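**Student:** Give me a model of this one.
(one chain, ligands or ions: 1)
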Amino acid sequence: MFTSIAGRAVVVTGGTRGIGKGIASVFARNGARVLISGRDSDVARAAAEELSAGGAEVSFIQADVSDREDCRRMAAIAIERLGGIDVLCANAGVFPDSRLADMTEEMLDQVLGVNLKGTVFSVQACLPALKLSGRGRVILTSSITGPITGYPGWTAYGASKAGQLGFMRTAAIELAPGRITVNSILPGNIVTEGLAELGEEYAEKMAASIPLRRLGSVDEIGYTALFLASDEAGFITGQTIVVDGGQVLPEMLQAIAAAEASG
Ligand code: NAP
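**Tutor:** Next up is the predicted model:
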């Protein structure tokens with residue numbers, strides 16, 4: 001049995017939808033007190049209401065992670081409402097696709113600004129409170145795309161997600177004296193509102209390239225974050241956990257069919 005994380009103060013950037021909302025939900029269901037952030041305050045308000053419906057303590061703040069001042073405001077509000085910050089889940093991310101030949105500087109700036117600079121700004125802003133916690137945890141949502149795999153249209157996205165890992169490895173060393181761990185989750189294809197919009201055919205094709213033959217759930221990413229936030233994971237830092245149903249493993253699609261034929 002893991003030590004309870006009930007009462008811990010948790011900030012989840014991009015916690016208003018998709019994976020971030022799943023992470024916030026798992027923490028809230030396990031008794032943590034959670035602050036979620038996003039740019040759209042209506043969506044954020046609705047998510048906070050939904051997540052706190054069962055009596056959990058979940059509130060929201062409208063904040064853009066690519067804006068340093070917004071990140072400082074987010075950390076200040078967390079300290080005011082939650083009394084500190086024990087866990088930061090730097091999850092906010094965008095994934096517009098654009099082939100290299102057409103990619104504009106604005107688009108590159110947007111992706112790096114939210115996914116990479118936004119990660120750095122969020123961690124910097126929460127740092128003093130994480131240090132005071134004495135058992136601070138930083139959990140980044142990276143991706144298999146970039147660190148391990150590639151997909152046409154996602155050069156900027158892949159660079160930002162791989163960049164998060166470069167950031168993580170040095171941050172883990174720098175923050176270790178403050179008893180803060182820094183780790184990353186690399187999700188594969190996870191069922192989110194955004195993915196649902198791509199249609200059933202996309203989801204079926206994706207599932208066919210995953211050895212476990214299904215997409216992941218936001219809860220499965222949330223439980224990975226919960227583990228990394230636990231006291232029991234306190235000696236793990238600077239590491240990655242791939243949560244993808246085995247998607248990065250097959251040398252070719254035939255490997256999945258061959259396993260099914262024999263098994
Ligand atoms: P999503 O459903 O589009 O949700 C993104 C969340 O981030 C929303 O809450 C959004 O709220 C927020 N956000 C976006 N830009 C922001 C900004 N500048 N400042 C603050 N919040 C911002 O996306 P998702 O699929 O859950 O992805 C979440 C994370 O998981 C991303 O980092 C993504 O790279 C990663 N990931 C996702 C998958 C997948 O299969 N879904 C796979 C691998 C990795 P607002 O729009 O209101 O700001």
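
**Student:** Convert stretch 186-193 to CSV, retaining C-alpha atoms only.
**Tutor:** Output of stretch 186-193 as CSV, limited to C-alpha atoms (Å, rounded to 0.1, in the frame of the first residue of the first chain):
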residue,chain,number,x,y,z
LEU,A,186,5.8,9.9,-22.3
PRO,A,187,2.3,9.1,-23.3
GLY,A,188,1.5,7.3,-26.5
ASN,A,189,-2.0,7.7,-28.0
ILE,A,190,-4.4,8.7,-25.3
VAL,A,191,-8.2,9.1,-25.7
THR,A,192,-8.9,12.8,-25.2
GLU,A,193,-11.5,15.2,-26.5
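
**Student:** Name the residues that touch that stretch?
**Tutor:** Here stretch 186-193 makes contact (Cβ atoms under 8 Å, 6 or more residues apart in numbering) with 17-19, 141-144, 147-148, 195, 203, 206-207, 210, 215-218, 220-221, 240-245, 247-248. Just so you know, the C-beta spots here come from the backbone N, C-alpha and C atoms, and that holds for glycine as well.

**Student:** make it 7 Å
**Tutor:** With contacts defined as Cβ atoms under 7 Å, 6 or more residues apart in numbering, stretch 186-193 is touched by 17-19, 141-144, 147-148, 195, 206, 210, 215-218, 221, 240-245, 247.

**Student:** How about the helix or strand of the chain with the lowest mean pLDDT and the ligand, touching?
**Tutor:** Ranked by mean pLDDT, DSSP states H and E, the helix or strand of the chain with the weakest confidence is helix 193-196, at a mean of 80. Yes. Using Cβ under 6 Å from any ligand atom, a contact is recorded between helix 193-196 and the ligand, made by Glu193, Gly194, Leu195.

**Student:** Now the closest residue to Ser52 other than its chain neighbours, what are its backbone angles?
**Tutor:** Leaving out its chain neighbours, the residue that sits closest to Ser52 by Cβ to Cβ, 6 or more residues apart in numbering is Val58, at 4.2 Å. Main-chain torsions, Val58, degrees, to the nearest 10: phi -130, psi 120.

**Student:** what does the one 3 residues further on give?
**Tutor:** When read as degrees, to the nearest 10, the backbone of Ile61 gives phi -140, psi 140.

**Student:** which ones are touching it?
**Tutor:** Taking Cβ under 7 Å, 6+ apart, one finds Leu35, Ser37, Met74, Ile77 in contact with Ile61.

**Student:** These: which two are farthest apart?
**Tutor:** Largest separation among the contacts of Ile61 by Cβ to Cβ: Ser37 and Ile77, giving 9.0 Å.

**Student:** Between the two, tell me which one has more neighbours.
**Tutor:** More crowded of Ser37 and Ile77, by other Cβ atoms under 10 Å: Ser37, with 28 against 17.

**Student:** hang on, the more buried one in a strand?
**Tutor:** Yes. Applying DSSP: H, G, I helix; E, B strand; the rest coil, one finds Ser37 inside a strand.

**Student:** still on that earlier bit, so which of the contacts of stretch 186-193 belong to helices?
**Tutor:** Counting by DSSP state H, these place Gly18, Ile19, Leu195, Met206, Val218, Ile221 in helices.

**Student:** what about the helices in the protein?
**Tutor:** Going by DSSP H, the chain shows helices at 18-29, 41-51, 68-82, 105-111, 118-133, 155-175, 193-196, 200-208, 218-229, 253-262.
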